[in-house]
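# Dropping a prediction and its sequence here:
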Amino acid sequence: MDRFHYAFGVSNLDQTRNFYQDILGCAIGRSSEKWIDFDFRGHQITAHLAQKQTVNHNPVDGDQVPIPHFGVILPWPDWQALADRLKALNVSFVIEPRIRFQGQAGEQGTFFIRDPSGNHLEFKTFQSETTIFERGA
């Protein structure tokens with residue numbers, strides 16, 4: 001697996017550490033008083049103290065999807081377990097867990113949450129990895 005790195009701005013490192021470590025279960029790597037590296041399911045994401053970015057939205061299968069966002073594709077049972085965990089922790093969903101493109105090419109489970117600095121994260125799942133890039137007719 002090739003790993004990706006993503007750096008993003010946050011307004012508060014303590015809240016960010018709590019959210020990614022305690023709520024999402026990410027291990028912490030290197031850090032300083034201005035940034036923190038997290039192990040985001042095998043990928044390196046780095047939260048940097050920075051100014052807030054503007055969020056836009058695009059329509060996707062009936063949802064207003066926030067742009068920018070980042071996330072990860074999980075096996076279906078892990079996706080459901082994370083959704084259940086976030087609900088139990090009373091985490092607010094930007095887009096509730098649902099099946100998008102139902103019965104179509106690219107059918108997927110998806111949900112969106114926001115970290116304490118307002119960064120949007122999407123968690124997706126597919127019944128089979130072979131359908132991740134499947135296109136319609």
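It's in.

# can you give me the helices for the protein?
In the chain, the segments counted as helices under DSSP state H are 13-17, 76-88.

# Which neighbouring elements make contact with the shortest one?
Helices and strands in packing contact with helix 13-17 are listed as strand 35-40, strand 43-49; criterion 3 or more C-beta pairs under 8 Å, 6 or more residues apart in numbering; DSSP states H and E. Every C-beta, even on glycine, is put in place using the N, C-alpha and C of the backbone.

# quick one: contacts of it?
10, 28, 33-36, 47, 49, 115-117 (C-beta atoms under 8 Å, 6 or more residues apart in numbering).

# Return the distance of the most centrally placed residue in the chain relative to Gln44.
Nearest to the geometric centre of the chain sits Leu121, at 2.8 Å (C-alpha atoms, centre = their mean). The spacing between Leu121 and Gln44, counted by C-beta to C-beta, to the nearest Å, is 15 Å.

# what about the residue lying closest to Tyr6 once chain neighbours are set aside, neighbour count?
Nearest residue to Tyr6, sequence neighbours excluded (C-beta to C-beta, 6 or more residues apart in numbering): Ile45, at 4.8 Å. Applying other C-beta atoms under 10 Å, we find 22 residues neighbouring Ile45.

# if I pick Ile45, what's in contact with it?
Counting by C-beta under 8 Å, 6+ apart, Ile45 touches 5-8, 20, 26, 37-38, 70.

# Flag every buried residue along stretch 121-132.
121-126 (16 or more other C-beta atoms under 10 Å).

# how far does that stretch sit from the chain's center?
12 Å (C-alpha atoms, centre = their mean, to the nearest Å).

# Give me the distance between the two termini of it.
By C-alpha to C-alpha, to the nearest Å, the extent of stretch 121-132 from end to end equals 18 Å.

# now do stretch 93-110
Termini of stretch 93-110 sit 11 Å apart (C-alpha to C-alpha).

# How far away from the center of its chain is it?
For stretch 93-110, the distance to the chain centre is 14 Å (C-alpha atoms, centre = their mean).

# Could you break this structure into its assigned domains?
1-50, 57-137 (automatic domain parsing).

# model confidence over the longest one, on average?
Right, the one you point to is domain 57-137. Per-residue pLDDT over domain 57-137 has a mean of 92.
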